[in-house]
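> Pasting a predicted model and its sequence here:
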Amino acid sequence: MTIPNLLTIGRILLTPLLAWLLIRKSIKPAFFVFFIAGLTDALDGLLARFLNQKSRLGSLIDPFADKFLLVTSFILLWNIGQIPFWLVSITVGRDLVILGGFLVLAVCGVKFEIRPLVSSKLTTLFELATVFFLLGKPMLELRAWMYMSLFLATAGFSILSGVRYTLNGLSMLKRHGLEGSDGAGVETPGETPVK
C-alpha cells in the first residue's frame, strides 16, 4: 500500500463524513472536509509521480474516489437547494453514460485502458471548483453571475467529455467488430487505450 493510495482511500473515507455534514446543513464544517479531500486528490497524483509510486490499484481507485466525492456532493448540494437540478442531471448523467459504456466494452470483449481525456480532467476541475465555491459561499461571497458561469462551464465540459468518450467507445466497438468478422478471429495484441 503506497502513500498515494492511502491518500486516495482517505478521500473515500472522508466522503461519508461530508455527506453527513451536508445532510445536517453544516456548511462550514463541510467546506473544510471537502477542502481536505480535495487536497488529497492533488497530493496523491503529485506523490505518485514524485515518488514513482504509480500503481494499477491507484489507477482504479483514484477515479472512483473522485466520482464518489463529487457525485455525493452534487446530489446533496441539490438536495439542500445550493445547485440547480439541470447541472446535477448533466454531470451525474455523464458519469452514468461513461460507466455504461465501459460495461458495454467489457461485455463485448473489447480490451481497453482507461486514460482520462483533457476535457475529462477539466470537467473534474470545474466540478471540484463548483463544490468548493458553493460550500465556501458564507466566506467567499461571489456574485451570482460568477456561480452561473461556473455552472455553465462545468456543464459544457461535462457534455464535451461525455460526447468524446461516447464517440471513442463507438469507434472501438466498430473496430472490434471488423476485427472479429475478417475471418481470422485474431484480436490486436495489447490493450486499446481510451484516448
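Done, it's in.
> How about the contacts made by residue 105?
112, 169, 172-173 (CB atoms under 8 Å, 6 or more residues apart in numbering). Heads up, the C-betas are built off the backbone N, CA and C, glycines and all.
> mind listing which of those residues are in strands?
residue 112 (DSSP state E).
> Need the contacts of residue 105 in TSV (columns: distance to residue 67 and neighbour count).
Output for these, formatted as TSV (distance: CB to CB, whole Å; neighbours: other CB atoms under 10 Å):
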residue	distance to residue 67	neighbour count
112	18	18
169	17	21
172	21	21
173	23	15
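> Which of the contacts of residue 105 fall within helices?
When helices are assigned by DSSP state H, the members of those inside them are 169, 172-173.
> All the helices of this protein, residue numbers only.
Using DSSP H, the helices of the chain run over residues 3-23, 27-50, 56-79, 85-107, 118-135, 137-140, 144-180.
> just flag whichever of these has the lowest average confidence.
Taking each of the helices of the chain in turn, the lowest mean pLDDT turns up on helix 137-140, with a mean of 82.
> got the CA positions of that one in CSV?
Below are the C-alpha coordinates for helix 137-140, written out as CSV (Å, rounded to 0.1, in the frame of the first residue of the first chain):
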residue,chain,number,x,y,z
LYS,A,137,-20.4,30.8,0.0
PRO,A,138,-20.6,32.1,3.6
MET,A,139,-16.9,33.1,3.4
LEU,A,140,-16.3,33.9,-0.3
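> Contacts for it next, please.
Helix 137-140 is contacted by residues 27-28, 31, 82, 133 when judged by CB under 8 Å, 6+ apart.
> Just the buried subset of these, written out for PyMOL, thanks.
Buried residues among the contacts of helix 137-140 (16 or more other CB atoms under 10 Å), as a PyMOL selection:
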select buried, resi 27+31+82
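> Just put the contacts of helix 137-140 in a markdown table and tack on distance to residue 91.
Conversion of the contacts of helix 137-140 to a markdown table gives the following (distance: CB to CB, whole Å):
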| residue | distance to residue 91 |
| --- | --- |
| 27 | 20 |
| 28 | 24 |
| 31 | 20 |
| 82 | 14 |
| 133 | 15 |
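> okay, now the domains of this structure?
Taking automatic domain parsing as the reference, the chain has its domains at 1-82, 83-195.
> which of those sits most buried?
For those, average neighbour numbers computed from mean count of other CB atoms under 10 Å are highest in domain 1-82, which has a mean of 17.
> Centre of the chain to that one, how far?
What separates the centre of domain 1-82 from the centre of its chain is 11 Å, taken as CA atoms, centre = their mean, to the nearest Å.
> what about that domain, start to end distance?
Separation of the first and last residues of domain 1-82 by CA to CA, to the nearest Å is 37 Å.
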